[in-house]
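K.L.:
A structural model of the following input is requested.
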Amino acid sequence: MITISEAISIVKNNGKTLQQATLKKVEKAGGYQLFEDILSPINMPPFRQSAMDGYALHLNKSLTYTLIDEIKAGDGHQPELKPGEAVRIFTGAPVPDTANAVMMQEKVAVNGDVITITNHIEPQLNIRPLGEQVKTGDIALKKGTKLTPAAIGYLLSLGITEVSVFKKPNIAIVTTGNELIEAGQELPYGKIYESNSKMLLSALYNLKFYDITLYKVEDNYDKTRDTLSKAIGTNDLVIITGGISVGDYDFVGKALTALGVQQQFYKVKQKPGKPLFYGKKQDTQIFALPGNPAAALSCFYVYVYIALQGMMNRKNLELPRITAKTINSFVKKGDRPQFLKGIYTDGEVEILDGQNSSMLQTFALANALVFAAEDVTNIKTGDEIQVILLPN
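P.N.:
Modelled structure (predicted):
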């Protein structure tokens, strides 16, 4: 049995960035990272652009100008201004090449087709230069940039419709257990509704991983081995829930050994989630999580999350950890470090009741995991403690 820090280090050191590219429509590429530099196909802005509503001027020594035309956003004509002439112009409209400043309308007095500016004006005032953001052929966004909504908008503003991005992992979720049935069916005595697969699916969707296949297998060695063989052979990451302990009907460990999976660790000194397995077969990473739902989800956020971020070549592999003050007391039982469900708000955290690893009711309210170290027994109100912020 290894420590939490040892387990985290092993997951970090065994991860491998996926180096495959896939082509995505820009509007559907949110959350992906660019596989290559993006060069701008145009100048942005593609013309000298007015930064506000006002008047474009061909400057002279006088404060009085003659209006000769009007240009609004979207217009394509190019009036020629002589010194002392002006055009009415609106935000985003193209500034004529013969104009060399724009005065905002609030600082202009209008009398028919004659305007008088009321403030001193400098050349190029309120004009966005051609290519101010980016010039044709320059790097618009670098390889590895994560595509946020702003980045999506920026690429579309350059006329780019498709981008090459790092492929996200194919993920398998395998649930085991004869006792499990699908929600919506009548619940016979001795059965329970299966929740782990959809819970983990939701967690993955929340992190913008969508290429996911669900498998369900009975507590049978041959079926477990065959299902895991298929999942491992066709996915970059396999997440198994249940069947990893050493009971008579826990076949996951035996099947993984038979399939040649290289164990990196099995069992971590922690609560919940002691019977956690992590292994690899070639480039596929395999996590076997405990069957208890709260334990499975805790292990997902502490360990599987790291593997996912590593596959995507992201810098911050772990969820954010901060220090917060407790607003209630809690007595930790046992000598294992614990991940406790909590609610974090503005520098303070409430440790919730109902910390059993089989219970999701408390987890449903939590937005954080409170880490109680091995040597912590009595947590008092006002104590400072480490908190892991969940991506809810």
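K.L.:
for the protein, what helix or strand is lowest in average pLDDT?
P.N.:
strand 180-181 (a mean of 78; mean pLDDT, DSSP states H and E).
K.L.:
Direction included, what does that strand pair up with?
P.N.:
Using DSSP bridges, strand 180-181 pairs in its sheet with strand 192-193 (parallel).
K.L.:
What are the contacting residues of whichever helix or strand comes after the strand it pairs with?
P.N.:
Moving toward the C-terminus from strand 192-193, the next helix or strand (DSSP states H and E) is helix 196-206. Here helix 196-206 makes contact (C-beta atoms under 8 Å, 6 or more residues apart in numbering) with 171, 173, 175, 210, 212, 214, 216, 239, 241-242, 289, 291, 293, 296-297, 300-301, 360, 391-392. C-beta coordinates here come from the backbone N, C-alpha and C atoms, glycine included.
K.L.:
ok, now stretch 103-120?
P.N.:
Under C-beta under 8 Å, 6+ apart, the answer for stretch 103-120 is 52-55, 57, 63-68, 86, 121, 125-126.
K.L.:
switch the cut-off to 7 Å
P.N.:
The contact list for stretch 103-120 (C-beta atoms under 7 Å, 6 or more residues apart in numbering) reads 52-55, 57, 63-67, 86, 121, 126.
K.L.:
mind checking the end-to-end distance for it?
P.N.:
9 Å (C-alpha to C-alpha, to the nearest Å).
K.L.:
ok, now stretch 165-173?
P.N.:
24 Å.
K.L.:
Ok, stretch 358-378 next?
P.N.:
So stretch 358-378: terminal residues 23 Å apart, C-alpha to C-alpha.
K.L.:
And for stretch 213-223?
P.N.:
17 Å.
K.L.:
Number the chain from 588, please
P.N.:
Will do, 588 is the new start, and the previous item becomes stretch 800-810.
K.L.:
In that stretch, which residues are buried?
P.N.:
Going by neighbour count (16 or more other C-beta atoms under 10 Å), the buried part of stretch 800-810 is 802, 804, 806.
K.L.:
just checking, residue 614 is part of a strand?
P.N.:
No: under the criterion used here (DSSP: H, G, I helix; E, B strand; the rest coil), residue 614 is helix, not part of a strand.
K.L.:
which ones are touching it?
P.N.:
residue 739.
K.L.:
what's the answer for residue 916, then?
P.N.:
966, 967, 968.
K.L.:
shaky segments in the chain?
P.N.:
835-836 (pLDDT under 70).
K.L.:
can you map out the strands along the stretch 688-837 of the chain?
P.N.:
688-691, 695-698, 701-704, 714-715, 726-728, 749-753, 758-763, 767-768, 779-780, 799-804, 824-828 (DSSP state E, counting those that start in this stretch).
K.L.:
returning to that earlier point: so which of the contacts of residue 916 is the most crowded?
P.N.:
residue 966 (18 neighbours; other C-beta atoms under 10 Å).
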